[in-house]
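# structure, please.
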Amino acid sequence: MDAIDRAEKIVITAHLSPDGDALGSSLALYHFLKRRNKNVRVIVPNSFPYFLKWMKGAREIEVYEYNPTAAQHILSHADLIFSMDYNISKRVGDMGPFLDKSPAQKILIDHHLFPGENFDIIVSHPEISSTSEVLFRLFFQAGKYEELTQAEAECIYCGMMTDTGGFTYNSSDPEIYEIISLLLRKNINKDAIYSQVFDNYSAERFRLLGFTLSQRMEIYPELHSALLYLSREDQSRFRFSKGDTEGFVNYPLSIKGVIFSTFIREDEGLIKLSFRSQKSFPCNEFAADFFNGGGHLNASGGEFYGTFEEALRIFNEGLRSYEEKLKRTAGEL
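Numbers count the residues shown, from 1 in each chain. This is a model prediction of the structure:
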C-alpha cells in the first residue's frame with residue numbers, strides 16, 4: 001500500500017485482447033484507487049468483447065490502438081503502473097516499449113508462470129485460479145475487505161468466473177468458494193453476472209459456432225484430441241466481432257474420449273491459440289513447447305507468428321509427439 005500512497009498518477013494495464021479476468025481485475029483495482037482520490041487510468045492494447053462492457057468503469061478504459069499518442073503520454077507521465085494478468089511486456093503488443101520506457105514504478109499482479117524481471121514489485125501466484133482472485137486476496141490480507149464496494153466485488157467475481165469457465169476448471173480449491181461467499185456478501189448478483197457474460201451473444205456468433213463445429217472440427221480418436229480452427233476468411237463470413245469465439249475451445253471436451261482440445265484462430269498479424277484439457281494432461285506444456293504460450297494445467301493459450309497453414313502443421317506435428325502422454329492420460333481413472 002505504500003507505493004499506492006506515494007503515487008498520484010497511476011496507470012493500470014492489461015494484456016492484448018483483454019478477457020474477463022484482465023478487465024475484472026483491472027477495473028476492481030481502478031475503483032479501489034479512485035476511492036483513494038488517485039488520478040488513475042486503465043489502458044488496454046486493443047478492444048475487448050462487447051459482453052464485458054457492462055462492468056462499471058469499462059466505458060472509461062483507454063484503448064491504445066485507437067489513440068496511441070494519448071496512451072503513450074499517459075504512460076510516460078505515470079508515477080505507478082500496474083501490470084494486470086500478464087507477465088512480460090511483450091503481452092501488451094505495441095504498447096510494450098512505452099511501458100518499459102516509462103520512469104514509473106511498476107507492479108506486476110498476475111497468475112501466469114515465469115514472470116519477467118522488468119518490474120519493481122512482483123505479485124505472482126501461478127497456483128491461484130485467476131488474477132482477480134490474487135487481487136481479492138491482496139485486498140483481504142491488507143484489511144480492506146470491509147470497504148470493498150459492490151462494483152469492485154462484481155468485477156472480481158466476473159474475473160474469477162470467466163477464467164475458470166464458470167468454475168468448471170482450475171477451480172477445485174475450497175478457498176475459491178469461500179471467496180465467492182465473501183463477494184456475495186457485497187450484494188452481487190452472480191446469476192446476473194453469468195447472464196451478462198454467457199447469455200449475451202449475437203445470433204451471428206451462434207451461426208459461426210455451428211459452422212465451426214460442423215465444418216472446422218477435426219477429431220483424433222486415437223490421440224483423444226480435437227481441433228477447431230477458423231481463418232480470417234471464415235470469420236468474415238459471419239460478421240465476426242471480438243469475443244464471438246469465446247468458449248469455442250471447450251465444446252470438444254464434451255465428446256466421449258476427448259481429453260485435449262485446441263482452437264486455432266487467424267487474427268490480424270498473428271495466430272491465436274486456446275488449449276483446454278481434462279485429467280492430468282498438461283496443455284500448458286504443449287502450449288509452451290510449440291506456440292510460445294503457457295498457462296494452467298487444463299487451460300492455456302499461445303500465439304504464433306506465421307501463416308495459418310504453418311500453425312496447423314505445427315499443431316499436428318506436436319500432437320503426434322505427445323501421443324504417448326495423451327494415451328497414458330486417457331487411461332487414468
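
# could you pull out the helices for this structure?
2-6, 20-34, 68-76, 96-101, 131-141, 150-162, 174-184, 190-198, 203-215, 232-236, 283-291, 308-321, 323-330 (DSSP state H).

# which elements pack onto the fourth one?
Judged by 3 or more CB pairs under 8 Å, 6 or more residues apart in numbering; DSSP states H and E, helix 96-101 is in contact with helix 68-76. Any C-beta I mention is one placed from the backbone N, CA and C, and that applies to glycine too.

# what's the average pLDDT for the helix it packs on?
Averaged across helix 68-76, pLDDT comes to 97.

# then stretch 37-46?
97.

# and the gap between Y305 and I314?
Remark: distance between Y305 and I314 (CB to CB, to the nearest Å) = 12 Å.

# who's more crowded, the two?
I314 (18 against 10; other CB atoms under 10 Å).

# quick check, the more buried one in contact with A287.
No. Between I314 and A287 there is no contact under CB atoms under 8 Å: 11.8 Å.

# among the helices of the chain, which comes closest to L52?
helix 20-34 (5.3 Å; CB to CB).

# L297: neighbour count?
With other CB under 10 Å as criterion, L297 counts 15.

# could you do K144 as well?
K144, neighbours per other CB under 10 Å, totals 14.

# could you do I122 as well?
16.

# what's the answer for the one 10 residues further on, then?
For S132, the number of neighbouring residues by other CB under 10 Å comes to 34.

# can you pull the contacts of S261?
Going by CB atoms under 8 Å, 6 or more residues apart in numbering, S261 touches 225-228, 249-253, 275-277.

# repeat the analysis, applying 10 Å as the threshold.
Counting by CB atoms under 10 Å, 6 or more residues apart in numbering, S261 makes contact with 217, 225-228, 248-255, 274-278, 283.

# so A142 touches D2, yeah?
No. Using CB atoms under 10 Å as the test, A142 is too far from D2 to be in contact (11.0 Å).

# who's more crowded, these two?
Neighbour count, other CB under 10 Å: between A142 and D2, A142 has more, with 10 against 6.

# grab the nearest non-local neighbour of the more buried one.
M1 (6.0 Å; CB to CB, 6 or more residues apart in numbering).

# next one: L213
Y251 (6.5 Å).

# so where's this structure shaky on pLDDT?
Across the chain, the ranges flagged by pLDDT under 70 are 333.

# could you rerun that using 80?
Within the chain, the segments meeting pLDDT under 80 span 1, 333.

# picking up where we left off before, which residues are in contact with each of I314 and A287?
What both I314 and A287 touch, as defined by CB under 10 Å, 6+ apart, is the set L273.

# could you dump the helices of the chain to TSV with distance to G57?
Output for the helices of the chain, formatted as TSV (distance: least, CB to CB, whole Å):
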stretch	distance to G57
helix 2-6	17
helix 20-34	5
helix 68-76	16
helix 96-101	21
helix 131-141	14
helix 150-162	7
helix 174-184	17
helix 190-198	15
helix 203-215	25
helix 232-236	29
helix 283-291	31
helix 308-321	35
helix 323-330	42
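
# if anything else comes up later, I'll come back, but that's it for now.
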